[in-house]
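**Student:** coords below, sequence missing:
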Ligand code: ADP
Ligand code: MG
């Protein structure tokens, strides 16, 4: 029985035992045979080629050679203590060096003994050597599955110091495959395998760990990646099907006086064509009687807030309440003020609820929400707390929170007998592959047009040594009536130092821009909200020329007169963050600038990021570059809260074609058999439940 074998505790695999099992579990999360089998190599190296020592140079990548030990000895003391061995193969001699495990290796490398040696050549004192090479006894090779391509597995320092190297993991995989090969039961339906031309599960696992040739390896990868992405998609597609089939939504059937009055008498400007189109899409959803789950994407400054306001008015016209949730207090307050402003004179009461709303105010708010007096509630996370209850919540809008996953959405749904419509707004462009994975159960609307008159922001890269030039430029802009942001990074681990940088920066700016001629405001996370707001207000009103801040202003802040964004230590920001920050300028009709300050020391990746920013303003291009540079990483992880899959072999940046194909297959199957009830699809249901034990849970919430 395969399930029994794969569920077996890893300590029972010959060569593991309780001690190593403990380590494997702790360091790599490998607890069972199945975990081990799906612990995939990160690369494969051709081990058929042997080098002659005379051919070896210090700039070669990994090389393999065969030779005999000439001599070996331990020299030096303390940190310089090392084992040096000389190996020869008839064409020359080469030095092998070890700094760790000396005694053990010394016993191994006796003069005259033959070895297959594998490692990366380095040059030291004009001499080529191999540091910590892998040594294999050519006569003592285990009886094992042979492969021309050797697999390499990630390990940790802890594992290495317990001698669980990549090679040892390879050996364990070898034993494991010896036990399970040929006995693994298929995890994809036969019909699907036939249709897709994928190889079977036994061949796939054999060839991913021990490729029997380059083409076999490719096929193994294709099968395993497909399977992983297919189940991911099946899960999403099915959730959506179940939801739209089962859930009766609220119908905003009419457009009433609030909307019409606003549209005709209060709208501050003509809507862009994209805003109009998106409004129509949302109207269609919310009026249909189905529950809406929609993602509204629009680059920074594209005018999402206005769309949100208009939908909330339609909700109010239908006697429903709305809430708008922002990621930070500053932003919530700003939204509240914007709304107050543009809804002035309309009979619609608006409330604000954040972490710093006082007890008494809160009580009043709660009452007014329950009575239905408040039609629109703006706030932070505070508004999904259970104590916040509505009379008739019809619409929940989530602004700028890619962190808002399935689980949080479920929380909002629980506020009503029938789930409100949900609109998630984001300026962080989500690459298609990611959107398909994380938001695959949402409909997507895109505002792909900026309001007229906007000029693309000009971006430049300055080294710290050009600070005088920067200050000169700032003076000119300020003299022309513009305002300037100066942003400092804030990273949790080095918070103390970051605040010091911020304070030093603030000081040097007030020295270069002395009061009273210049006013510089400061806003950062450690300040009390009142002081933060004072700083912000000064800047918003235009009474401060410069705003020095941490990334608290990262999302959403809207000061059209600010035309310069200076980002200090720009190399420490991720691409999407840089793009968000840049989006704070270029909101008026003036030419705006973004200046990325860095030191001269830049990693390749940081240089690439800066270059991307200088070269393009296109959010989607930036998101794609980001995904390629660092993988889905953070974004994926945080967006997925409530999302149980962990990608083991596929890469959302690189495997988009397989993903697309897997999605098509998942859709086709779901359309044919949404509940996966057909006998041929039973295997899918079983697998899905194994991967996502909450499958049923979710469909119940839905
Ligand atoms: P975002 O999509 O980044 O949230 P905002 O909603 O903050 O963008 O809008 C950015 C700026 O553009 C605001 O100052 C807003 O008043 C303005 N704006 C929105 N829609 C239009 C429009 N149709 N024409 C002109 N300006 C607009
Ligand atoms: Mg916004």
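**Tutor:** Sure, I can see it. It should be emphasised that the depicted structure is a prediction, and the values quoted were computed from it without experimental measurement. Ligands and ions are numbered 1, 2, ... in the order given.
**Student:** Can you name the residues of the chain that neighbour ligand 1?
**Tutor:** Contacts of the chain with ligand 1, taken as Cβ under 6 Å from any ligand atom, map to 269-272, 275, 298, 300-306, 427, 451, 556, 558, 560, 587. For every residue, glycine as well, the C-beta is placed using N, CA and C.
**Student:** Apply 5 Å and report the result again.
**Tutor:** 269, 271-272, 298, 300-306, 451, 558 (Cβ under 5 Å from any ligand atom).
**Student:** In a markdown table, list those residues along with pLDDT, secondary structure and neighbour count.
**Tutor:** Output for these, formatted as a markdown table (pLDDT from 0 to 100; DSSP: H, G, I helix; E, B strand; the rest coil; neighbours: other Cβ atoms under 10 Å):
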| residue | pLDDT | secondary structure | neighbour count |
| --- | --- | --- | --- |
| 269 | 89 | coil | 9 |
| 271 | 96 | coil | 17 |
| 272 | 95 | coil | 19 |
| 298 | 87 | strand | 24 |
| 300 | 78 | coil | 25 |
| 301 | 80 | coil | 20 |
| 302 | 88 | coil | 25 |
| 303 | 91 | coil | 19 |
| 304 | 93 | helix | 25 |
| 305 | 93 | helix | 19 |
| 306 | 95 | helix | 20 |
| 451 | 88 | coil | 18 |
| 558 | 77 | coil | 16 |
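**Student:** With respect to residue 523, which of those residues is nearest?
**Tutor:** Comparing the residues of the chain next to ligand 1 against residue 523 with Cβ to Cβ picks out residue 558 as the nearest, at 14.8 Å.
**Student:** shaky segments in the stretch 551-700 of the chain?
**Tutor:** 552-556, 630-646, 653, 692-700 (pLDDT under 70).
**Student:** In it, what residue lies closest to ligand 1?
**Tutor:** residue 558 (4.4 Å; Cβ to the nearest ligand atom).
**Student:** Determine the longest helix present in this protein.
**Tutor:** helix 214-246 (DSSP state H).
**Student:** list the buried ones in that helix?
**Tutor:** Judged by neighbour count using 16 or more other Cβ atoms under 10 Å, the buried positions of helix 214-246 are 216-217, 219-243.
**Student:** Quick check: residue 56 vs ligand 1, distance?
**Tutor:** Residue 56 is 57 Å from ligand 1, where distance means Cβ to the nearest ligand atom, to the nearest Å.
**Student:** Please tell me how far that residue sits from residue 134.
**Tutor:** Per Cβ to Cβ, to the nearest Å, residue 56 is found 16 Å from residue 134.
**Student:** Give the helix, strand or coil label for residue 251.
**Tutor:** Following DSSP: H, G, I helix; E, B strand; the rest coil, residue 251 is assigned to coil.
**Student:** How about the one 10 residues further on?
**Tutor:** Under the three-state scheme (three-state DSSP), the conformation of residue 261 reads as helix.
**Student:** what number of residues lie near it?
**Tutor:** 16 (other Cβ atoms under 10 Å).
**Student:** Show the contacting residues for the residue lying closest to it once chain neighbours are set aside.
**Tutor:** The shortest distance from residue 261 to any non-neighbouring residue, by Cβ to Cβ, 6 or more residues apart in numbering, is to residue 346 (6.2 Å). Neighbouring residues of residue 346 by Cβ atoms under 8 Å, 6 or more residues apart in numbering: 258, 261, 262, 266, 313.
**Student:** so which of those residues comes closest to residue 609?
**Tutor:** residue 313 (40.5 Å).
**Student:** how far away is the closest one from residue 426?
**Tutor:** From residue 313 to residue 426 the distance is 22 Å (Cβ to Cβ).
**Student:** Mind checking which of those two has more residues around it?
**Tutor:** residue 313 (26 against 20).
**Student:** so what's the more buried one up against?
**Tutor:** 258, 259, 262, 346, 348.
**Student:** can you do 7 Å?
**Tutor:** Contacts for residue 313 (Cβ atoms under 7 Å, 6 or more residues apart in numbering) come out as 258, 259, 262.
**Student:** Tell me the confidence at the second one?
**Tutor:** When you say that, I think you mean residue 259. Turning to residue 259, the model gives it a pLDDT of 96.
**Student:** go on, the last one?
**Tutor:** Model confidence at residue 262, expressed as pLDDT, equals 96.
**Student:** Which residue, neighbours along the chain excluded, lies closest to residue 585?
**Tutor:** Closest to residue 585 by Cβ to Cβ, 6+ apart is residue 592, at 4.0 Å.
**Student:** can you pull the contacts of the single nearest residue of the stretch 401-550 of the chain relative to ligand 1?
**Tutor:** Of the stretch 401-550 of the chain, the residue with the smallest distance to ligand 1, taken as Cβ to the nearest ligand atom, is residue 451 at 3.2 Å. Residue 451 is in contact with 272, 303, counting by Cβ under 7 Å, 6+ apart.
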